[in-house]
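Enquirer: here is a sequence with its predicted model. Questions after.
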Amino acid sequence: MTVSAMSSSNKLGSYKIEGQIVFPPGGNALADTRILVNQGEYVGIPRVDGTFVISGVPSGSYEVSVSSPQYDFKPVRVDINTNGKIRARKVNRLRPQEVVSVKYPLHFNTYTEPNYFQKREATNWADIIFNPAIIPIVLGIVLVFFLPKLVPPGQLDEMQRMFPQGTGMFQPNINMPDLVDICIRLFGAPRRQPRISQQSLAVDTEAPANTPRQKKKLRKRNK
């Protein structure tokens, strides 16, 4: 039974992928590092010296990558044929037909530090100056300062005389009716009655009674 089981496993093909990961000295990056075959179909854990072995891999083509929170490694594609011959090559997603071989056992030593945050762009004064919204403002300021020097004096006096006439178009007309009065006339709203102050009442009471009606009122008050 043992011989038959071993022969059947050899027919199916059970191979191993091995290699080594090289980290910079003085770090503890191996503790959180894993070797992934086909994005986690097979997972390997590196030893203290960085070497790893992933067993039980059948024949086929696999993408081997290193998962580390501190460093990024370039993945490698490993091809295992039915005879057990292993070939490693670089991963080229744009041109997969191009084959660039690498050494086997695998050796991951080209790494970069991952950038989890996007760097904020610095202020670029060229973008501000050449902004389409800023160019008309700058040209207007230049014309205000330099146009009087370019225009002849006689023409400049004529323009100054024409300028108040042009600006008078935008001045409000005093003789035009108020918008509030127009609304009151249209909708029939009651107009405000003028308030009579206490001083005016006092003046009226103190005024001498000239008419017979005023004299009659004064007599009633005195009674």
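Expert: In hand now; what should we look at?

Enquirer: do a quick rundown of the helices in the protein.
Expert: 2-12, 125-129, 135-150, 153-167, 179-187, 198-206, 212-222 (DSSP state H).

Enquirer: end to end, how far does stretch 124-134 reach?
Expert: Start-to-end span of stretch 124-134 (C-alpha to C-alpha, to the nearest Å) is 14 Å.

Enquirer: please parse this structure into its domains.
Expert: The record's domain split for the chain, according to automatic domain parsing, is 2-112, 125-167.

Enquirer: need the winner for burial among these.
Expert: domain 2-112 (a mean of 14; mean count of other C-beta atoms under 10 Å). In short, each C-beta sits where N, CA and C put it, glycine included.

Enquirer: least confident of the helices of the chain, on average?
Expert: Mean pLDDT per stretch puts helix 2-12 lowest among those, at a mean of 37.

Enquirer: wait, isn't Ser61 in contact with Ile86?
Expert: No: here Ser61 does not reach Ile86: they are 10.9 Å apart, not a contact under C-beta atoms under 8 Å.

Enquirer: what touches both of the two?
Expert: By C-beta atoms under 8 Å, 6 or more residues apart in numbering, Ser61 and Ile86 have these common neighbours: Val78, Asp79, Ile80.

Enquirer: narrow these to those in strands?
Expert: The strands, defined by DSSP state E, take in Val78, Asp79, Ile80 from those.

Enquirer: nearest to Arg95, of the residues you listed?
Expert: Ranked by distance to Arg95 (C-beta to C-beta), these are led by Asp79 at 16.6 Å.
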